[in-house]
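J.: mind looking at a prediction? Sequence and model below.
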Amino acid sequence: MKKAIIYKPAKTSMQSGYGKTKDWVMEYVVEKTGINPLMGWESSTNTMSELKLEFSSKENAIKYAKKNKINFEIIEPKKRKVIKKSYADNFIK
């Protein structure tokens, strides 16, 4: 049986904005990976490990997984803490 995870990607350290973090991603989980004897890289014979599907909402991703009989796990995004800072606070304290 196929298994997948559904998550909302976090921004990378190279991004200043949150532009590519709006969509939900469904990625298949591959259990058997091996080391390629020629190059020494991690590889898999299952091409599902290379597949990432993007959805506009979490509900659409769940609907797709249920329609295609895919076991899935949802990873909810963490709320980020916004700490308001003022430049003047450097001189007041």
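T.: Sure thing, it's come through. Numbers count the residues shown, from 1 in each chain.

J.: can you check which helix is longest in the chain?
T.: Counting by DSSP state H, the longest helix found in the chain is helix 58-67.

J.: got the CA coordinates for it in CSV?
T.: The C-alpha trace of helix 58-67 is given here as CSV (Å, rounded to 0.1, in the frame of the first residue of the first chain):
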residue,chain,number,x,y,z
LYS,A,58,-5.2,20.7,2.5
GLU,A,59,-8.7,19.5,1.7
ASN,A,60,-7.9,19.0,-2.0
ALA,A,61,-4.8,16.9,-1.0
ILE,A,62,-6.9,14.7,1.3
LYS,A,63,-9.6,14.3,-1.3
TYR,A,64,-6.9,13.2,-3.9
ALA,A,65,-5.4,10.7,-1.4
LYS,A,66,-8.7,9.2,-0.5
LYS,A,67,-9.8,8.9,-4.1
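
J.: hmm, who's touching that helix?
T.: Here helix 58-67 makes contact (Cβ atoms under 8 Å, 6 or more residues apart in numbering) with A4, I6, K8, W24, V25, M26, L53, F55, I70, N71, F72, I74. (C-beta placed from N, C-alpha, C; glycine too.)

J.: residue contacts, K2?
T.: If you count contacts by Cβ under 8 Å, 6+ apart, K2 has them with Y28, M48, K69, I70, N71.

J.: lowest pLDDT pick from the residues you listed?
T.: pLDDT across the contacts of K2 is lowest for M48, at 80.

J.: ok, that one touching V30?
T.: Yes - using Cβ atoms under 8 Å, M48 is in contact with V30, at 6.3 Å.

J.: out of these two, which sits in the busier spot?
T.: A direct count of neighbours by other Cβ atoms under 10 Å for M48 and V30 places V30 higher, at 16 against 13.

J.: using CSV, list the CA coordinates for stretch 31-45.
T.: What follows is stretch 31-45 as a C-alpha-only set of coordinates in CSV (Å, rounded to 0.1, in the frame of the first residue of the first chain):
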residue,chain,number,x,y,z
GLU,A,31,10.9,2.8,2.9
LYS,A,32,13.6,0.9,0.9
THR,A,33,16.5,3.0,-0.1
GLY,A,34,20.0,1.7,-0.8
ILE,A,35,23.5,2.9,-1.6
ASN,A,36,24.4,3.0,-5.2
PRO,A,37,27.6,0.9,-5.5
LEU,A,38,29.1,3.0,-8.3
MET,A,39,28.7,6.5,-6.9
GLY,A,40,28.0,5.8,-3.3
TRP,A,41,24.8,7.9,-3.4
GLU,A,42,21.5,7.0,-1.7
SER,A,43,19.2,5.7,-4.4
SER,A,44,15.9,3.8,-4.8
THR,A,45,14.3,1.7,-7.5
